[in-house]
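In: Here is a sequence with its predicted model. Questions after.
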Protein chains: 2
Amino acid sequence: MERHHFEEELQALKRRLLNMGALVEERVHQAIQALIERRPEATDKIIGGDKDVNDLQIEIDDRCLKLLALQQPMATDLRLITAAMKINSDLERIGDQAVNIAENAARIVVHPPLKPLLDLPRMAEIAERMTRDSLDAFVRRDPDLARDILARDDEVDQLKDQVFRVLLTYMMADPATIERALGLILVSRNLERIADHATNIAEDVIFLVEAKDVRHHHEEPR
Amino acid sequence: MERHHFEEELQALKRRLLNMGALVEERVHQAIQALIERRPEATDKIIGGDKDVNDLQIEIDDRCLKLLALQQPMATDLRLITAAMKINSDLERIGDQAVNIAENAARIVVHPPLKPLLDLPRMAEIAERMTRDSLDAFVRRDPDLARDILARDDEVDQLKDQVFRVLLTYMMADPATIERALGLILVSRNLERIADHATNIAEDVIFLVEAKDVRHHHEEPR
């Protein structure tokens, strides 16, 4: 494969990753909306519609393998392609979490509403934004944006702990709330995992751009 | 790099993945033992001792990148090395789950014991075994063993649902059990995630050996 064509294929790979990111972000958004708007029928579509995500994951993986096989890539390209493989897998798992949220939502909304959903919508907003920004950071090779995402992960963890504490007090005060509160706790864990995947992507971006492994030694105090 | 040396490096890569597997499996085992034997002091070592896992992950990733860079690998070697990168990342996340289990255990064992731990020890046993077998399947290139692991994942999911139902009835019958029951539910989710990671590894093995992507279309009824 000549260099020019190789470059084109790398661009196509990035575009497909952006498509994949938009798709899973949209599915997370729909799952949370189904919970907020209490529409159990909307969860079916998400639970059953994982195929597009899975097909795209296989296609992207295949592109990466072909690019690795066809031309001995230079160090930077090599890191780009292996980063793309990892990002692909994190995006697919974000898609899995959309399904998990939809399943939890379907169980929650058959009960009367517990309360406003505490900080869950805010957690969802941050996690969706982290997903989008992590891919922007990848495409623009922007380590500053990637570092900003690492900081936001801490915020999501704090919100998760806070949601947990409040829901625990509900459950102890009134056992009739247990099932719904438990469902919301599980949704908050699903959102936390989405933020974790976006964080993994951000770490891959920093490694890609700076060839520095930040995975287990954040420079900033966390 | 000449072929002979390349082969040696591939063998070394497999050995390091086995070391990584043994390390994270041992940490999962210790975390569950700390819960079963009610030893909060044993959880500290697991929560604080993630560094070995992380160092090994970085080393293995580095080996993979070097192998991809130094020689244009043939199709089979390419799949082996990219599978190793994915397996490495699943193993590291199994290590993260050991930490999560230890954290949940530390919170649970300050309370008086709830009951025997239901099917949690059994779930842990299956998940640990799945982890070990998935790496055996990788090293021996054994797709039959890998398929057997996919089947065991269903068993873990069923146990998780069963544990959830029983703990829910405890919580509703006696709110004093809520915190402990909730802790055990979270541990069962941690174990489920370990089984999921082992399943991912098994799927990578089948793809490696048969160049067939089984990730999203299990041949056997699930």
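Out: Done, it's in.
In: Would you indicate which residues of stretch A:174-192 are buried?
Out: Of the residues in stretch A:174-192, those scored as buried under the neighbour-count criterion (16 or more other C-beta atoms under 10 Å in any protein chain shown) are A:175, A:177-192. Just so you know, the C-beta spots here come from the backbone N, C-alpha and C atoms, and that holds for glycine as well.
In: overlap between those and the residues near chain B?
Out: Checking the buried residues of stretch A:174-192 against chain B by C-beta under 8 Å from any C-beta of the partner chain, the ones in range are A:175, A:178, A:179, A:182, A:185, A:186, A:189.
In: ok, the closest residue to the fifth one other than its chain neighbours - contacts?
Out: What sits nearest to residue A:185 in space, not counting adjacent residues and going by C-beta to C-beta, 6 or more residues apart in numbering or on different chains, is residue A:167, at 5.4 Å. The contact partners of residue A:167, by C-beta atoms under 8 Å, 6 or more residues apart in numbering or on different chains, come to A:118, A:181, A:182, A:184, A:185.
In: What of residue A:122?
Out: Under the criterion of C-beta under 8 Å, 6+ apart, the neighbours of residue A:122 are residue A:159.
In: Which residues of chain A lie near chain B?
Out: Counting by C-beta under 8 Å from any C-beta, the residues of chain A lying close to chain B are A:50-51, A:54-55, A:57-58, A:61, A:64-65, A:68-69, A:72-73, A:75, A:78-79, A:82, A:85-86, A:89, A:168, A:171-172, A:175, A:178-179, A:182, A:185-186, A:189, A:213, A:215-216.
In: Okay, now the unreliable bits of chain A?
Out: Filtered on pLDDT under 70, chain A yields the residue ranges A:1, A:71-72, A:212-222.
In: Can you spell out which helices and strands pack onto the helix or strand hosting residue A:192?
Out: When elements are defined using DSSP states H and E, residue A:192 is found to belong to helix A:178-210. The helices and strands touching helix A:178-210, judged by 3 or more C-beta pairs under 8 Å, 6 or more residues apart in numbering or on different chains; DSSP states H and E, are helix A:75-108, helix A:120-140, helix A:143-173, helix B:143-173, helix B:178-210.
In: Most tightly packed of these?
Out: Mean neighbour count (mean count of other C-beta atoms under 10 Å in any protein chain shown) peaks for helix B:178-210 among the helices and strands packed on helix A:178-210, with a mean of 23.
In: How about residue A:183: what's its closest non-neighbour residue?
Out: What sits nearest to residue A:183 in space, not counting adjacent residues and going by C-beta to C-beta, 6+ apart, is residue A:108, at 3.9 Å.
In: for residue A:163, same thing?
Out: Counting by C-beta to C-beta, 6+ apart, the nearest residue to residue A:163 once its immediate chain neighbours are dropped is residue A:188, at 4.7 Å.
In: quick one: secondary structure of residue A:116?
Out: In the three-state summary, residue A:116 is assigned as coil, counting by DSSP: H, G, I helix; E, B strand; the rest coil.
In: Distance-wise, check it relative to chain B.
Out: Between residue A:116 and chain B the distance, using C-beta to the nearest C-beta, to the nearest Å, works out to 22 Å.
In: Contact partners for that residue?
Out: Counted by C-beta under 8 Å, 6+ apart, residue A:116 has zero contacts.
In: Of the ones next to chain B among the buried residues of stretch A:174-192, just say which sits nearest to residue A:102.
Out: residue A:186 (11.9 Å; C-beta to C-beta).
In: The closest one contacts residue A:103, correct?
Out: No: contact criterion C-beta atoms under 8 Å: residue A:186 and residue A:103 do not qualify, at 9.0 Å.
In: residues in contact with the residue nearest to residue A:183?
Out: With contact set as C-beta under 8 Å, 6+ apart, residue A:108 has these partners: A:35, A:180, A:183, A:184, A:187.
In: Kindly provide the distance from the residue nearest to residue A:163 to residue A:122.
Out: Distance, residue A:188 to residue A:122, by C-beta to C-beta, to the nearest Å: 11 Å.
In: shared neighbours of these two, anything?
Out: Overlap between the contact sets of residue A:188 and residue A:122, as judged by C-beta under 8 Å, 6+ apart, is given by residue A:159.
In: What distance do you get for residue A:101 to residue B:40?
Out: Following C-beta to C-beta, the distance that separates residue A:101 from residue B:40 is 33 Å.
In: mind listing what residue A:125 touches?
Out: For residue A:125, no residue counts as a contact, taking C-beta under 8 Å, 6+ apart as the criterion.
In: coming back round to it: the helix holding residue A:192 vs helix A:75-108, what angle?
Out: Between the direction of helix A:178-210 and that of helix A:75-108, the angle (axes from the mean of the first three to the mean of the last three C-alpha atoms, to 10 degrees) works out to 170 degrees.
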